[in-house]
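Asks: Need coordinates for the below:
(2 chains)
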Amino acid sequence: MPEKKIRVLVAKPGLDGHDRGAKVVARALRDAGMEVIYTGLRQTPEMIASAALQEDVDAVGLSILSGAHMTLVPRVIKLLKEQGLEHVAVFLGGIVPDEDAPALRALGVKAIYGPGTTLDEIVRGVREGVAAGE
Amino acid sequence: MSVDVVTEALAGERRAVARLISVMERGGEEARQALSRLYPRTGRAHIVGITGASGTGKSTLVNAMAKVYRKQGLTVGIIAVDPTSPFSGGAILGDRIRMRDLTTDEGIFIRSMATRGSLGGLARATADAAHILDAAGYPVILLETVGAGQNEVDIARTAQTTLVVDMPSAGDDIQAIKAGILEIADLLVVNKADLAGADNAVAALRAMLDLGAARTEWHHGHLERVEGVVGAGEAWRPPVLKTVASRGEGVAELVTAVQAHRQYLEDSGLKQRREQERVEEGLRRILRHTLLERLLGQISEQNLERTVQRVVAREQDPYSAAEMLMAEAGLDGKKE
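Replies: Prediction:
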């Protein structure tokens, strides 16, 4: 194959059951030529990091609408680092108050996509985030 | 890169295994070098293919089978293949959803692969990924195919034991299984056997098997009917088993039957013959791919473009055009 395929893990950590957004984003990434490993609901940070390792992904997209992002995201990032996956670009989508954004960006989240973000923006963001990590 | 990652993968280090599978998917020189180092360490694993129409519960069955193997103390490699969109080149790989309880088990390695344009149910690199898992020491490798139907025969060339999964249909005897798939099955599974019509489904499959009588085997790239015995001892009659994968029912019996098939392959000598067939098919595939790449490398873009225009303008037919391109690249096929 001439070009490298971008592999993205899309997961919903924690108990949040609203997955329509995650599925819409997964389809958009597929339509942009990426391979999306969609792991679905009720993923623990351990499951996400383990899958990211086995699937050798370039990016992880977390969808959180439950408000638990300040607990879940740091744990995912920590586990990714522990497994030698610090190059993996982490993206967050869902309901995230503006005041939490700086802390999350400081932890290493590449971008936060709240309601109203266009799919084009997300696709571009993932491409750029992955390219920056190479 | 190559030396360290291969050494680590051979020692079973999971991240190295994952990275190497990616190397194989990309292909090229790096992949070739890595494979030449791994290959002597392959040939020990039992490679089991699982195919069947969408919705029959393949992923759930793979999940349940893996748990049975783990109870036996064996580690398991799983490769789940999903189709690449021909329009975008992307894919949604969703088989892990059914395998959530295996994700953090250190004795199980699950990799999702997209077909990336390959037809036949498997990705081009699936066999290579299986080689990596084999060399890394996994004694059992489960390959789950795309599951679209008649083109799925590739699985029988890559796997040693092929399972075809079906489910009870809406009440009559017409099963989801198409004829071509039935003939490559070493075992048939009626999953979701708690649904109405399960016994009918089993009876219908047994009847189809009896009608078919002869098994098919790959022989120099074609499927041929093989009458009766292929080696010492009796021919293998594919058993038809019932499972309810979501509840783990019937799965231990299925794994026992799968292991019995592996024993049969060894006892009958069929293992050797299938392996030879697999290697020959693999070589043909690599030669096709490599020769085409080399050939295209000898032809300039302008030359190709001009040729295309000639054929479009009906000044030349496609076959003559291809002959001309090959002659210009030094491959005119004429004996010296």
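
Asks: How many neighbouring residues does residue 82 have?
Replies: Going with chain A. Number of residues near A:E82 (other C-beta atoms under 10 Å in any protein chain shown) recorded here: 10. C-beta: built from backbone N, CA, C; applies to glycine.

Asks: was after chain B, sorry
Replies: When neighbours are counted by other C-beta under 10 Å, B:D82 comes out with 22.

Asks: Look up how far A:A26 lies from the closest residue to it other than its chain neighbours.
Replies: Leaving out its chain neighbours, the residue that sits closest to B:D82 by C-beta to C-beta, 6 or more residues apart in numbering or on different chains is B:L93, at 4.8 Å. According to C-beta to C-beta, to the nearest Å, B:L93 stands 10 Å off from A:A26.

Asks: Just give me the residues shared between the contact sets of these two.
Replies: Residues touching both B:L93 and A:A26 (C-beta atoms under 8 Å, 6 or more residues apart in numbering or on different chains): A:36, A:38.

Asks: So these two - more neighbours on which side?
Replies: Set B:L93 next to A:A26 and count neighbours by other C-beta under 10 Å: B:L93 wins out with 26 against 23.

Asks: check contacts around that one.
Replies: Contacts for B:L93 (C-beta under 8 Å, 6+ apart) come out as A:35-38, B:80, B:82, B:112-114.

Asks: In strands, which of those residues fall?
Replies: A:35-38, B:80, B:82, B:112-114 (DSSP state E).

Asks: Check those residues for the minimum pLDDT and say which it is.
Replies: Least confident of the ones in strands among the contacts of B:L93 in the model: B:D82, at 91.

Asks: Surely that one is in contact with B:R96?
Replies: No: contact criterion C-beta atoms under 8 Å: B:D82 and B:R96 do not qualify, at 10.3 Å.

Asks: joint contacts of these two?
Replies: Taking C-beta under 8 Å, 6+ apart as the contact rule, the neighbours common to B:D82 and B:R96 are B:S112.

Asks: ranges for the helices of the chain?
Replies: All of this is about chain A. Secondary structure of chain A (DSSP state H): helices located at A:20-31, A:45-54, A:69-82, A:101-107, A:119-132.

Asks: um, chain B though
Replies: Under DSSP H, chain B gives helices at B:2-10, B:14-26, B:29-38, B:58-71, B:126-135, B:154-158, B:179-184, B:198-212, B:251-268, B:270-298, B:301-312, B:318-328.

Asks: got the residues of chain A near chain B?
Replies: Selection of chain A residues close to chain B by C-beta under 8 Å from any C-beta of the partner chain yields A:1, A:4-5, A:7, A:26-27, A:29-40, A:42-44, A:46-47, A:50-51, A:53-56, A:83-85.

Asks: ok, 7 Å please
Replies: A:1, A:4, A:26, A:29-40, A:46-47, A:50-51, A:53-56, A:83-84 (C-beta under 7 Å from any C-beta of the partner chain).

Asks: Please identify which of the contacts of B:L93 is nearest to B:A127.
Replies: Ranked by distance to B:A127 (C-beta to C-beta), the contacts of B:L93 are led by B:M113 at 10.9 Å.

Asks: Any figure for the gap between the closest residue to that closest one other than its chain neighbours and chain A?
Replies: Sequence neighbours aside, B:A123 is the residue nearest to B:M113 in space, at 4.6 Å (criterion: C-beta to C-beta, 6+ apart). Between B:A123 and chain A the distance is 10 Å, computed by C-beta to the nearest C-beta, to the nearest Å.

Asks: what do you get for B:S85?
Replies: The spacing between B:S85 and chain A, counted by C-beta to the nearest C-beta, is 6 Å.

Asks: That residue reaches B:A114, doesn't it?
Replies: No: taking C-beta atoms under 7 Å as the definition, B:S85 is not a contact partner of B:A114, at 8.9 Å.

Asks: Give the residue from the two that has the larger number of neighbours.
Replies: Neighbour totals were compared for B:S85 and B:A114, and B:A114 leads with 27 against 15 (other C-beta under 10 Å).

Asks: got a list of what the more buried one touches?
Replies: By C-beta atoms under 7 Å, 6 or more residues apart in numbering or on different chains, B:A114 lies in contact with A:35, B:82, B:84, B:91, B:93, B:123.

Asks: how about 10 Å then?
Replies: Contacts for B:A114 (C-beta atoms under 10 Å, 6 or more residues apart in numbering or on different chains) come out as A:5, A:7, A:30, A:34-37, B:25, B:81-85, B:89-93, B:123, B:125, B:146.

Asks: and what of A:K23?
Replies: Counting by C-beta under 10 Å, 6+ apart, the residues that A:K23 touches are A:10, A:12, A:36, A:38, A:40, A:63, B:92, B:94.

Asks: any idea how far it lies from B:K58?
Replies: 21 Å.

Asks: A:L85 too?
Replies: Distance from A:L85 to B:K58, by C-beta to C-beta: 29 Å.

Asks: Neighbour count for those two, which is higher?
Replies: B:K58 (27 against 19).

Asks: what bits of the chain have low per-residue confidence?
Replies: Since no chain was named, I'll use chain A. Residues of chain A that meet the criterion pLDDT under 70 lie in A:1-3.

Asks: could you do chain B instead?
Replies: Counting by pLDDT under 70, chain B has low-confidence residues at B:1-3, B:148-152, B:170-180, B:212-216, B:218-234, B:332-336.

Asks: can I see the domain layout of it?
Replies: Annotated domains of chain B cover B:1-39, B:42-268 [automatic domain parsing].

Asks: Quick check: which of those is nearest to B:Q316?
Replies: With C-beta to C-beta as the criterion, B:Q316 lies closest to domain B:42-268 of the domains of chain B, at 27.7 Å.
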